[in-house]
Structure formats: structure tokens, C-alpha cells
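> sequence and predicted structure, then a few things I'm wondering about:
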Amino acid sequence: GQQLNQSPQSMFIQEGEDVSMNCTSSSIFNTWLWYKQDPGEGPVLLIALYKAGELTSNGRLTAQFGITRKDSFLNISASIPSDVGIYFCAGDQGAQKLVFGQGTRLTINP
Amino acid sequence: DTAVSQTPKYLVTQMGNDKSIKCEQNLGHDTMYWYKQDSKKFLKIMFSYNNKELIINETVPNRFSPKSPDKAHLNLHINSLELGDSAVYFCASSETRKVFTLHFGNGTRLTVT
């Protein structure tokens, strides 16, 4: 089945650093979504992107929907300990079927 | 109030057994889903139901049978469990055709020994 290529797979950073992760696909998506998953919990939506070129912020998080509709990135500025977790990109193929990336595991050293 | 609740949270069982996972949502959503997350954290859709009607059925073994008694509930029954079924299973719900409203439960960790 179709997959999204998400990178990096893991990141180890110092508290206060900025973080950047991205997702690419060989197919076009109508919507890109970014989720965060904490241990023992389900993924929670961070940002949803609906139009090519769209740049959206949610607090310290910023995400962009690529012009080609085949990629997206997520930036986190001034990371804090509670940013630790696994971040997933997801693309909407239509028919309410989301395809997820492999996830980026973020670890923060205080 | 828990929006999407699934039980049990942990399930340990032996190969060959049959088990069920229950899911309920109180968000008033019309669409419910089951996702499987493997040991590498990869999330993949298994099924979706809209108003009790099956909409998506990915290539899942027919040992897995979802049942939706009403639009607020979607249960997952698994027959003849195999080692490879060990994973975390997430129930989710959303408004119809608004996938950005997708809301996940906290998962059921199934371990087959």
C-alpha cells in the first residue's frame, strides 16, 4: 500500500533548540495532517493543512503544505521537555482514508 | 469525559484464542475506524464504518471481524489469534468526510504468546 516517507526517523536535541521534520510522497494528497503521539496514548492532531502552499502555525509549531501537494514539513521552535514524543504526518487520499508516515521520535535532553 | 474509549487497554492471550476489543465514542461522529500500530509504530487503517455501514476494508485477514451495533460503537473481534497479531489497536472516530476531525482512543495493546 501507499506510504509516506517521513524523516528523520529520530532526533536527539537539547532543550531550546528548533526542530524540523518532513514528509514526502510519490502521490498527491488533498490534505496533510500532523499528529503527536505520547506514550500509552493515541495520536493527537496538531495541525491540518488544506491548500497547496499553505503555511499554518499553532503556537510554537509551524507546518507547510508543499506546492506540489506531495510533501509537507513541521517545525517546532524553542523545544521544551513536553515536546517529547512521536510525530506523524498523514495524507488524506479521499474517502476518509489517511495514510501515515513512519513517525519521527523526538527526544530532548534537558 | 473520554471522547473515544476502548477496552481493554491491555490484552494478553495465547495463540488460537478468540478475543474482542470494544470501542465507544461520545463525540456524535458518524464514522468510526480501527487502526493497527505495529512494533515499529507504523499506523495503518484496517476498517472504517459510517453509520454502521462498512466503508473501508483494507486487506485484513478475515479472522478480524468488526461489528458496529450503532454509530457510537465499533467493536473488533479477532478469531484464532496468531503471534503476528500482536500490536496496538486504535479505535478512532470522525465526522463524515471531515478526516481532520479524526479523534483516536488510547489504544489496546494486544500481546499474543
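Ah, there it is. Residues are numbered from 1 along each chain as shown, chains lettered A, B, ... in the order given.

> roughly how far apart are the closest residue to B:Gln14 other than its chain neighbours and chain A?
Closest residue in space to B:Gln14, ignoring its immediate chain neighbours: B:Thr113 at 5.6 Å, by C-beta to C-beta, 6 or more residues apart in numbering or on different chains. From N, CA and C alone the C-beta is placed, and that goes for glycine too. Distance, B:Thr113 to chain A, using C-beta to the nearest C-beta, to the nearest Å: 21 Å.

> what pLDDT does the model give B:Thr113?
Note for B:Thr113: predicted pLDDT of 97.

> so it is in contact with B:Leu11, correct?
No - between B:Thr113 and B:Leu11 there is no contact, the gap being 11.2 Å when judged by C-beta atoms under 8 Å.

> more neighbours: the two, which one.
Counted by other C-beta atoms under 10 Å in any protein chain shown, B:Thr113 and B:Leu11 do not tie: B:Leu11 has more neighbours, with 19 against 10.

> just checking, what packs against the helix or strand hosting that one?
Using DSSP states H and E, B:Leu11 falls within strand B:10-13. Contact partners of strand B:10-13 among helices and strands, from 3 or more C-beta pairs under 8 Å, 6 or more residues apart in numbering or on different chains; DSSP states H and E: strand B:19-25, strand B:108-112.

> buried set for it?
B:11, B:13 (16 or more other C-beta atoms under 10 Å in any protein chain shown).

> now do the helices in chain A.
In chain A, no helices are defined using DSSP state H.

> interface residues of it facing chain B?
By C-beta under 8 Å from any C-beta of the partner chain, the residues of chain A that approach chain B are A:1, A:31, A:33, A:37, A:40-45, A:48, A:50, A:86, A:88, A:92, A:95-98, A:100, A:102-103, A:105.

> now those residues: which count as buried?
Among the residues of chain A next to chain B, those buried by neighbour count (16+ other C-beta under 10 Å) are A:31, A:33, A:37, A:42-43, A:45, A:48, A:86, A:88, A:92, A:96-98, A:100, A:102-103, A:105.

> pLDDT score assigned to the residue nearest to A:Gly94 when sequence neighbours are not counted?
Spatial nearest neighbour of A:Gly94, excluding adjacent residues (C-beta to C-beta, 6+ apart): A:Asn30 at 6.1 Å. A:Asn30 carries a pLDDT value of 88.

> give me the helices and strands touching the helix or strand of chain B with the lowest mean pLDDT, please.
Using mean pLDDT, DSSP states H and E, strand B:53-57 stands out as the lowest-scoring helix or strand of chain B, at a mean of 86. Applying 3+ C-beta pairs under 8 Å, 6+ apart, we find strand B:53-57 packed against strand B:43-50.

> partner strands of the strand it packs on and their direction?
Within its sheet, and counting by DSSP bridges, strand B:43-50 is paired with strand B:31-37 (antiparallel), strand B:53-57 (antiparallel).

> now that strand: mean pLDDT?
For strand B:43-50, the per-residue pLDDT averages 92.

> got a list of what B:Asn57 touches?
B:Asn57 makes contact with B:Phe47, according to C-beta atoms under 8 Å, 6 or more residues apart in numbering or on different chains.

> how much space separates A:Cys89 from chain B?
The gap separating A:Cys89 from chain B is 11 Å, by C-beta to the nearest C-beta.

> wait, a helix at B:Gly84?
Yes - the assignment for B:Gly84 is a helix, going by DSSP: H, G, I helix; E, B strand; the rest coil.

> test my guess that A:Gln6 contacts A:Trp32.
No - A:Gln6 is beyond contact range of A:Trp32, at 11.5 Å (criterion: C-beta under 8 Å).
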